[in-house]
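Colleague: fold the following for me, if possible:
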Amino acid sequence: MLSSQHEAVVVVAITVVLTDGPYNGSTIVVAGRDRIHDEVRELAVVGGTGRLRRAAGHVLWTTAKVVSEVHMVLELDMYMSVPTNTAAPANGSSGDRLAS
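Modeller: Below is the predicted model:
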């Protein structure tokens with residue numbers, strides 16, 4: 001869906017799932033306004049899960065290849081930080097719990 005009546009712009013909300021390495025199973029959530037004809041677009045990192053919980057930052061992305069009018073291959077350069085005290089433990093547990 002286009003978010004502008006005057007230019008090719010889409011509203012983007014994606015979840016990037018990492019499937020290898022130390023962040024395997026963690027996700028990064030990206031959202032923003034994509035002016036698809038700009039060479040480089042900037043969107044916000046608005047969160048994450050697992051070892052990337054509470055991630056914040058931005059993504060610079062470019063269109064690497066146009067496959068069709070509605071399908072494109074994107075290249076994402078992510079710049080983000082994750083507070084060290086909020087990352088989920090590597091064993092997948094939810095961390096300390098309050099005793100009832």
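Colleague: for the protein, which residues score under the pLDDT cut-off?
Modeller: Residue ranges of the chain with pLDDT under 70: 1-5, 85-100.
Colleague: swap the cut-off to 80 and go again
Modeller: For the chain, applying pLDDT under 80 flags the ranges 1-7, 85-100.
Colleague: residue boundaries of the strands in it?
Modeller: Counting by DSSP state E, residue ranges of the strands within the chain are 9-17, 27-35, 40-49, 56-66, 72-81.
Colleague: now these as JSON lines including mean neighbour count?
Modeller: Heads up, the C-betas are built off the backbone N, CA and C, glycines and all. Shown next, in JSON lines, are those (neighbours: other C-beta atoms under 10 Å):
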{"stretch": "strand 9-17", "mean neighbour count": "14"}
{"stretch": "strand 27-35", "mean neighbour count": "18"}
{"stretch": "strand 40-49", "mean neighbour count": "17"}
{"stretch": "strand 56-66", "mean neighbour count": "14"}
{"stretch": "strand 72-81", "mean neighbour count": "12"}
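Colleague: pull the residues that contact stretch 59-69.
Modeller: For stretch 59-69, contacts defined as C-beta atoms under 8 Å, 6 or more residues apart in numbering pick out 30, 34, 36, 39-45, 72-79.
Colleague: one more pass at 6 Å, please.
Modeller: Residues outside stretch 59-69 that contact it (C-beta atoms under 6 Å, 6 or more residues apart in numbering): 30, 40, 41, 42, 43, 72, 73, 74, 75, 76, 77, 78.
Colleague: ok, now stretch 38-45?
Modeller: Stretch 38-45 is touched from outside by 30-32, 34, 55-62, 80, with contacts defined as C-beta under 6 Å, 6+ apart.
Colleague: and of the contacts of stretch 59-69, the nearest to residue 49?
Modeller: Using C-beta to C-beta, residue 30 comes nearest to residue 49 of the contacts of stretch 59-69, at 13.1 Å.
Colleague: now do the contacts for that closest one.
Modeller: Contacts of residue 30 (C-beta under 6 Å, 6+ apart): 14, 43, 45, 59.
Colleague: hang on, the earlier thing: between the contacts of stretch 59-69, which is nearest residue 7?
Modeller: Among these, and counting by C-beta to C-beta, the member closest to residue 7 is residue 41, at 12.4 Å.
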